[in-house]
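A.B. asks: Sequence plus predicted model, see below.
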Amino acid sequence: MSKIRVLPDVLANKIAAGEVVERPSSVVKELLENALDAGAGKINIEVETGGKQLIRVLDDGEGMTRDDAIIAFERHATSKLRSSEDLESIATLGFRGEALPSIASVSRLFLRTKTAGDTEGTEVEFNGGKLVAVRDIAWPTGSEVEVRELFFNIPARRKFLKSDATESFHIANLVQHYALANPRLAFLLVNNGRDVLRVTPAQSLKERAYQVLGNTLLEKLVEVSSETDGLKVFGFVSNPQEQRSSRDAQYLFINRRFVRDQLIGRALSEAYRSMMPSGTYPAAVLFIEAPRTEVDVNVHPAKTEVRFLNEGSVLSFVRDAVAAALRSTQPITQVPGVARERAENQSTGAPAKWRTSETNGWSSSDFDTTAPSQTKSTSVHGNPSAIRVDGVGNASRKDVTSPSDSGSILNSEQTPEEFTRQRSEVSLTRGAEADSTSACAGQQAEPVLLESVAYIVATDEEGLLLVDQHVAHERILFEQFRDARLSRAAGLQPLLIPATIDLSPAEAEAFAIVQSELENIGIETMQLSGRTIAIKTSPAGLAASDVLAVMREVLAVVERERRDFTIERMRDKIAAELACKAAIKINMPLTFEKMQWLIDELMKTHNPMTCPHGRPIMMRMGLRDIERGFKRPV
């Protein structure tokens, strides 16, 4: 008896659905593309419970006849291809003929449709891939596909879906991409009876960008337009001052097809290479048009990946076009307040004033607000065993008396458990406590020692420790925020003028996911109108601009970690971002007392070795390493 069998159509469709229908947003994508290919001028999308219970897509396109409505659910049935030559120059968004049978196999589906030439419409009903009924109905020209109880017959797939809010976010993110790609069309997205996105036909891409993304981002965009040798690029990119921590604000389209393309992302990064710090990314709404014969869209069933025949030419073209647009913009004439004030102070010789209440929210009673007068003129004299650093603190060699194992200069692998026994032994020594008797009278060296005032020199029984003051404070604040050790009554500050932020539809759905977590940590908000949010309060010590930056980063994380997003990870992310913004800055001089407080508090944390982002807090230089460095016998 033969072991190899041809799979039944129902089972084959379920297998195909595993590639085509990953989650509710996959269904919305396929149905949206069908509506666009049908020539729709208006598309309405309605979802409930993140698309798990209901997805309904209604369009005013050309519709289908009764026969086409039935045959459309056969595998690989399509009106968009006739020959293999057509596959090499695809002009439509859909073409595989897999979407409708795949969706119907894992849901309860209704198709209602009518063409302009028919007097009656047709309703087709499927249940788990099986045809239930075909009916004549009254219906306007166009089509509606209603998908209910997605994955009802595959419980294993259904249980892997995320929360309703997360699935709603993915749908909103998808719809806003298609709304940007088709400015002449009207779109309406309704989630649980609430309008998420409602846009009327726009006269230009800029108008559509305003409708979808809001005015906040639009004001920071630079227009891009270039054409050569069959390639064309147009759209908008952000100015270099608008920096994102991920590529989530990059909306990329190739021949009007929404894609996630690494090549175009790399071209953008290269265009900004000398203008933005490493690890930051610009925002972009960018359209690339290329000859269809030179673009392969048949890479993956989801059709979000493409391949170019000549990748090098496309990369160079997009990079050069974006770089030229950026060069044509006006140079920045305003310097941020602290940097400008420091520049003025350098020209007049006056000491810099450190406005901690504005730069990081800590009052003058918490930290010194005036830089030391001799930061650069650091002298090493008197007893050679004393090291003095003005404004940074002192480390005394007399505290490092017992020899230890040599170890390495950077002992970053020391575990928190190994470090615990030393916590109470780390200390600073005042310069006044060190012997100031000069062994080399009349000789004075003036090295530039720790000029950036970024590190604290401390000692323990094994040698010297260099502590990064910013990330040390970041670790302390992170654990306070994360463990809710700051009471909200003491940790909240109302904003005199509420800060506002315009959200895109996807960001609005992401905000719904994290709003309660933001409020728990002190960021209270209210909805003004549409997708505009006002921030009423912030954690004490955080400026409004910092809160806005934290909000943007948190919303971006929801998109970036869409596959494995959890509230627990988001709590850590929010706490880490707040701590980073509120922590003392690397160039802020501290008094001896504040440095000792910082060291003491750091030793109380669960992990004093690394900051929340994984950077090391301390570098160790063992006694034997120091002696070897000075060529002493060990």
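C.D. replies: Ah, there it is.

A.B. asks: what about the stretch 451-600 of the chain, any weak spots by pLDDT?
C.D. replies: Of all residues in the stretch 451-600 of the chain, those with pLDDT under 70 make up the ranges 451-453, 484-491, 559-567.

A.B. asks: Please enumerate the helices of it.
C.D. replies: Using DSSP state H, counting those that start in this stretch, the helices of the stretch 451-600 of the chain run over residues 469-482, 488-491, 505-520, 544-560, 567-582, 592-604.

A.B. asks: The longest one: which residues count as buried?
C.D. replies: Taking 16 or more other Cβ atoms under 10 Å as the neighbour-count basis, helix 544-560 is seen to contain the buried residues 546-559. All C-beta atoms are positioned from the backbone trio N, CA, C, and that covers glycine.

A.B. asks: quick one: contacts of it?
C.D. replies: Outside helix 544-560, the residues that touch it by Cβ atoms under 8 Å, 6 or more residues apart in numbering are 166, 169, 173, 244-246, 248-249, 361, 495, 497, 499, 501, 503, 506-507, 510-511, 513-514, 518, 523, 535, 538, 542, 565, 570, 573-574, 577-578, 581-582.

A.B. asks: Pull out the buried residues from the residues you listed.
C.D. replies: The buried subset of these - by 16+ other Cβ under 10 Å - is 166, 169, 173, 244, 248-249, 361, 495, 499, 501, 503, 506-507, 510-511, 513-514, 518, 523, 535, 538, 542, 565, 570, 573-574, 577-578, 581-582.

A.B. asks: picking that back up, can I get the helices of the stretch 451-600 of the chain in TSV with distance to residue 222?
C.D. replies: Listed next are those as TSV, based on distance: least, Cβ to Cβ, whole Å:
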stretch	distance to residue 222
helix 469-482	32
helix 488-491	39
helix 505-520	21
helix 544-560	19
helix 567-582	27
helix 592-604	42
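
A.B. asks: Of these, which is nearest residue 126?
C.D. replies: Counting by Cβ to Cβ, residue 126 lies closest to helix 505-520 out of those; the figure is 29.0 Å.

A.B. asks: Only alpha carbons, please: show the closest one as PDB.
C.D. replies: Only the C-alpha atoms of helix 505-520 are listed here, as PDB (Å, rounded to 0.1, in the frame of the first residue of the first chain):
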ATOM      1  CA  PRO A 505      -2.800  55.200  14.500                       C
ATOM      2  CA  ALA A 506      -0.300  52.500  15.400                       C
ATOM      3  CA  GLU A 507       1.200  54.600  18.200                       C
ATOM      4  CA  ALA A 508      -2.300  55.300  19.500                       C
ATOM      5  CA  GLU A 509      -2.900  51.500  19.800                       C
ATOM      6  CA  ALA A 510       0.500  51.000  21.400                       C
ATOM      7  CA  PHE A 511      -0.300  53.800  23.900                       C
ATOM      8  CA  ALA A 512      -3.500  51.900  24.900                       C
ATOM      9  CA  ILE A 513      -1.300  49.000  25.800                       C
ATOM     10  CA  VAL A 514       1.200  50.900  28.000                       C
ATOM     11  CA  GLN A 515      -1.000  53.700  29.300                       C
ATOM     12  CA  SER A 516      -1.600  52.100  32.700                       C
ATOM     13  CA  GLU A 517       2.100  51.300  33.100                       C
ATOM     14  CA  LEU A 518       3.100  54.900  32.300                       C
ATOM     15  CA  GLU A 519       0.600  56.200  34.900                       C
ATOM     16  CA  ASN A 520       1.900  53.800  37.600                       C
END
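
A.B. asks: and it, how far from the chain's centre?
C.D. replies: Mean-position distance between helix 505-520 and its chain equals 14 Å (Cα atoms, centre = their mean, to the nearest Å).

A.B. asks: same question, stretch 613-625
C.D. replies: That offset, for stretch 613-625, works out to 30 Å (Cα atoms, centre = their mean).

A.B. asks: measure it end to end?
C.D. replies: 28 Å (Cα to Cα, to the nearest Å).

A.B. asks: Distance of the residue nearest in space to the middle of the chain relative to residue 245?
C.D. replies: Central residue of the chain (Cα atoms, centre = their mean): residue 556, 3.2 Å from the mean position. From residue 556 over to residue 245 the distance is 6 Å, taken as Cβ to Cβ, to the nearest Å.

A.B. asks: list residues touching both of these two?
C.D. replies: With Cβ under 8 Å, 6+ apart, residue 556 and residue 245 have no common neighbours.

A.B. asks: the helices in the stretch 51-200 of the chain, which residues?
C.D. replies: With DSSP H, counting those that start in this stretch as the criterion, the stretch 51-200 of the chain has helices spanning 66-71, 84-87, 99-105, 155-158, 164-181.

A.B. asks: Buried residues, the first one. List them.
C.D. replies: Put plainly, it is helix 66-71. Buried-residue list, helix 66-71, by 16+ other Cβ under 10 Å: 66, 69-70.

A.B. asks: Likewise for the fourth one?
C.D. replies: By neighbour count on 16+ other Cβ under 10 Å, the buried set for helix 155-158 is residue 157.

A.B. asks: Quick check: which ranges of the stretch 201-350 of the chain have low pLDDT?
C.D. replies: In the stretch 201-350 of the chain, residues with pLDDT under 70: 298-304, 330-350.

A.B. asks: now the helices for it?
C.D. replies: Going by DSSP H, counting those that start in this stretch, the stretch 201-350 of the chain shows helices at 205-213, 215-218, 262-271, 311-327, 337-348.
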